[in-house]
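Peer 1: No letters, just coordinates:
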């Protein structure tokens, strides 16, 4: 028996833990052979030689970020973009993928990826490739699982950055605006903001009212706190009709020009309250490096369970964390269905009970 | 309204997060006053002045280990040990505790502690002190909650130590035996062992068979792996009738003399297999220092919820994590009732699927 | 005897170590009293109450970033900017500073700061305030000392970020351009680049030739290395006449619009070589947080020696690290005199021997 | 041209940086070939196949602890211990080493090691193997160089442990005694003790007087500090005639039985002052894991310079850090000649000025 694994989309700490979990349990439990598809599905699109994955290949990778088999943010084989004579053309290369998969001799494919990858996987199943799925999202926004690997490491990195920024903010009596990942879901901003003692947290799920933010910062001044830390998810947006929108209109698309929402908010604080403000955009450091123990364990468990799904012939299912257990769900449950922060849920209420302004 | 908080038993990273969560939510939500009892219940036994806990007192403590109000491993007021004329005498000082509590003017007491503290708390309730409870155990072995703060930080510290020890073990072709916390429950050994790529994990819940350990290490040699990392919970014990027991008998109580189970296992590996072996006892570094973001958030949530229990008058209940939510349970559910690793559960099975020997 | 201390300019990890070193050695060795001037010299400009600095005030601050007495990047009392009727006016407020200093009762002032602060200090000496100096520069560019506190922590933070970015760059086959601090001196870029295994390091001291950078990246491709890490000091500039300048001209000030030199270089790599490239600007996280042990020790030693300078009456001198010893030098040696990377020195030669392109 | 490298003695973070520095500069600068001798000199004793060291072999090792070519604490070929018929016999196998070295085709050998390795190297030179040397000592006690790689990482690990132990010591009002590496030289204890805010530091270079230690701890109590952190180098010894010796005599070799000097001191504090005391022996975690940036840079510079020594034909010399520059010295300068802490030097004086008791 031979099985294949591919990793697609942005990299997350813990991907190598999944690969190692698959390889070790396939070998130790069942004596199976494992191969890795290179760079998402590009290895199948182009017919590149797969990577044999034995015990030696996965030695020492548990503590390493990234993915040893490569990944890509592009490469949907059903809508593959290529450049022909200077223009971008879209082709359906799925037949090639099927041929190349069959040529590898593998009997099943473990696809590790986010929303996009899972959707492509479902189409590959229809084509005749038996797939099982492992959810991957640094933002923790894939539905039908309580958590995903990589997310925990990211929150840890942001929390450490907030710890660092506190001392410099306090020494200079400044506001620091920190823009973090989270296009649709604000989990990273919310959890790191609580852990990193933020004063304001702005999430995509709660359109923010600038007056609420200003009130919070002015309230701190009255308490003798002359510095503030504001965490902003990259997907945060102002409430319609709020002062923010007016400012944005006045400034004629300044947000675009300034960079991201972090810089917009920083400028509004500086102009609106006269507080010296600095912006930090954490960027790619949030997704790299040694995974936390939580992500190593979760990735390993997902990998082990993916092998079990294949053994039991449960194709079309995705591994998932529910409470303390790894279970599986139909992959369809996770597609076109985001796991968002509930504005009326317990975690936001806790943040507000702690005195954090969540933009309302 | 005035409420009191005390922290008892061994310290855990996250205790200050609980205190801060209590203080901030009591003040911001309800305008209550909060006081801290010094050193577990010793402050009430001795009638020491309580510590006023306002916003200034909890500023900056979220990222600090320990507890700003002090703790103690001793001091059960119902059986209080004192030295009189050179001998230890036991007194029931609970009446004094009641008087001194009343003198503080507090209307409720939040007790943060482990099994021992929770039991004392139930007795204080009978005496007439309205209590609510927050579970605290570095070993994560309090029943009726999915997790406790401090545990996550401890697993992180052990995992980092295992990462360090791997490189030195490999360079010298040695076995490293690492003794970690876990008197009754092996959670720290199990989770850090999986995350830290251990070859063997010995837990209190699975009496270990030395032959299984030897087989694992010899199997590694055959694979060309001339080094090994063995994680041993301090409460791990050999299986009756196994070779270990025989060795222990022969050596006339050597385990006692050698220190802990880590050193016993190390010596057995060295003598039995001729592998150069070193022991590391991680000790108190496991419970100190900056809490991880996970423990800061969990501690904060527990603190906020403890205040809610008081507001709702739900005395005798303990805050608890169930899945993603903070709930409450009767404190009796947590007393005399440990949360242990299930030898037949999914996590041990995963460890074994990854090729880790769990001593059987 | 009473002495005063002030901290000016951007904050650095280790400032609190200096303050603590001053306070503890002044008290333990000589029984002196110490006070802290608030926010650089602003405390003297405005006559704010100084902060009494005893053992309790410096307890626990050794491991904390920032400065407990505050700092500011503004506030030259000889040219103090204030807003009057909507326009900025410059006043000489030095007489006020002298009066307020005398009113504190302090007999000497320890000024901790960079080039600007040291220059102001010399003028204060002329005015009659007996000063001694402690150099402070996160970029390690103050002349007349081998090193300064804060710098080491900054290099550690950047190195850790480079470690993280390597895995994500490799997984995605990208170039990552990382812009770090270093306006005039490239020490942070050079040392973190060597430690973090950068492929290219661009420094203010070596105007860079884009062709050299391109050759390096193309050479890596030929070796099968499809990813690269480029470290750019914020003050790096292209060589005149090089392709970079041409591009900058074509694009009509794009550097300005794009943000910093990091983004310019990233865009040039993407356009010139067709390599997917991402930029990270590390920003303020580089100067915050827990100081490394090196900076705690250096700050402590500087603080202890500053007290000795006062005791020996050696005013006008600055403490300095020479080899393994703390010595002192006339403050004039450090003013208008930067410590720069020597393009022909050993460290750059080592980087190049390791295969790193330094832009030439 | 082909050159060889071997690493001997206990492993240090930074060994891989040396190997990588040698390989990269040999290849990039001179096009030489590099091979690695396995496990110190054992590879030459046994005639094992050397490890070819190209760019691929040293990829990614800069941030990894240990040594990819292995090391050993044994294996002096001039006095090689083997077991024959159950007894240990000593042989001179140096002729075999010479033959096997010649068989590799290498024209020079870079020996990385401590005092023992350097001495053996000198004998190998006499035998006709052209050697250059790189000093390696985690304790930083090799003479003729200002610093060595690995040491800095060790001090960082100990400082972090002291930070952790502070919070638990304070919460429980305990004394924590921390035993650290340093058999002959107390650099690790001294530097980490200053950085980690120790109250007492005991070094091999200053025989300690227990009364001085007791005075310090009692003085803290009077200041309301009910906890203390005591750092003890493993090689620390009591002053003759001091109370310690008396206690040791009384207890009939208890030090031996208790483990190390850390436990002796802990017991003396507990018995002498009635303070609850705990001991932590940091052990092997001090020498493992990711090297700090300082050690990566120093190791890289040493490796690059070792290649230069070979190119210039300067055999018999050892690379060395002097101030900011890498130079070379005759290896004889480093043999039988330790770099010790000067009890009358500036660093001890600084520690004492900060209020730290250094045992006198």
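Peer 2: Happy to help now that I have it. Only a predicted model underlies this, so the values are computations on that prediction, with no experimental measurement involved.

Peer 1: tell me the domain ranges of chain A?
Peer 2: For chain A, whose domains are defined here by automatic domain parsing, the residue ranges read A:2-149+A:289-335, A:154-288+A:342-353.

Peer 1: Now tabulate these in TSV and tack on distance to residue D:202.
Peer 2: For every residue, glycine as well, the C-beta is placed using N, CA and C. Formatted as TSV, the entries for the domains of chain A read as follows, by distance: least, Cβ to Cβ, whole Å:
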stretch	distance to residue D:202
domain A:2-149+A:289-335	34
domain A:154-288+A:342-353	32
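
Peer 1: Which one of those domains has the poorest average confidence?
Peer 2: For the domains of chain A, mean pLDDT drops lowest on domain A:154-288+A:342-353, to a mean of 89.

Peer 1: Is the helix or strand encompassing residue A:189 positioned near chain C?
Peer 2: Using DSSP states H and E, the element containing residue A:189 is helix A:187-195. No: taking Cβ under 8 Å from any Cβ of the partner chain as the criterion, helix A:187-195 and chain C are apart, separated by no less than 13.1 Å.

Peer 1: Quick one: distance of the helix or strand following that helix to the chain centre.
Peer 2: Next in sequence after helix A:187-195, counting helices and strands by DSSP H and E, comes strand A:200-202. Mean-position distance between strand A:200-202 and its chain equals 19 Å (Cα atoms, centre = their mean, to the nearest Å).

Peer 1: and what of stretch A:37-46?
Peer 2: 21 Å.

Peer 1: Can you get me the start-to-end distance on stretch A:90-98?
Peer 2: 18 Å (Cα to Cα, to the nearest Å).

Peer 1: List the buried residues for that stretch?
Peer 2: Along stretch A:90-98, these residues count as buried under the neighbour rule (16 or more other Cβ atoms under 10 Å in any protein chain shown): A:93-94, A:96-98.

Peer 1: Quick one: residues contacting residue A:348.
Peer 2: A:190, A:206, A:341-342, A:358 (Cβ atoms under 8 Å, 6 or more residues apart in numbering or on different chains).

Peer 1: Helix, strand or coil: sort out it for me.
Peer 2: Residue A:348 carries the three-state label helix when classified by DSSP: H, G, I helix; E, B strand; the rest coil.

Peer 1: Am I right that residue A:214 is in contact with residue A:272?
Peer 2: Yes: using Cβ atoms under 8 Å, residue A:214 is in contact with residue A:272, at 5.9 Å.

Peer 1: thinking again about what came up before, which strands and helices sit next to the helix holding residue A:189?
Peer 2: For helix A:187-195, the elements it packs on are helix A:151-172, strand A:175-180, strand A:200-202, strand A:228-233, helix A:346-353, helix B:293-311, judged by 3 or more Cβ pairs under 8 Å, 6 or more residues apart in numbering or on different chains; DSSP states H and E.

Peer 1: of the contacts of residue A:348, buried ones?
Peer 2: A:190, A:206, A:341, A:358.

Peer 1: Centroid-nearest residue for chain A?
Peer 2: residue A:138 (1.9 Å; Cα atoms, centre = their mean).

Peer 1: Spit out the contact partners of the closest residue to residue A:204 other than its chain neighbours.
Peer 2: In space, and not counting its chain neighbours, residue A:204 is closest to residue A:235: 3.8 Å by Cβ to Cβ, 6 or more residues apart in numbering or on different chains. Contacts for residue A:235 (Cβ under 8 Å, 6+ apart) come out as A:182-186, A:204, A:261.

Peer 1: By neighbour count, which of these wins?
Peer 2: Neighbour counts for these, by other Cβ atoms under 10 Å in any protein chain shown, peak at residue A:186, which reaches 33 neighbours.

Peer 1: Please tell me how far it sits from residue C:299.
Peer 2: Computed with Cβ to Cβ, to the nearest Å, the distance linking residue A:186 and residue C:299 is 38 Å.

Peer 1: What of residue A:273?
Peer 2: Using Cβ to Cβ, residue A:273 is found at 33 Å from residue C:299.

Peer 1: Now residue A:86: phi and psi?
Peer 2: Here is the backbone geometry of residue A:86 (degrees, to the nearest 10): phi 80, psi 0.

Peer 1: what do you get for residue A:184?
Peer 2: Residue A:184 adopts backbone torsions of phi -110, psi -30, taken as degrees, to the nearest 10.

Peer 1: ok, which stretches of chain A are helices?
Peer 2: For chain A, the helices defined by DSSP state H cover A:15-25, A:42-46, A:94-104, A:115-127, A:151-172, A:187-195, A:210-222, A:243-250, A:254-258, A:261-273, A:293-311, A:346-353.

Peer 1: any chance of these in CSV, with distance to residue B:15 too?
Peer 2: As requested, the helices of chain A are exported to CSV (distance: least, Cβ to Cβ, whole Å):
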stretch, distance to residue B:15
helix A:15-25, 31
helix A:42-46, 50
helix A:94-104, 54
helix A:115-127, 39
helix A:151-172, 18
helix A:187-195, 15
helix A:210-222, 26
helix A:243-250, 39
helix A:254-258, 42
helix A:261-273, 33
helix A:293-311, 21
helix A:346-353, 18
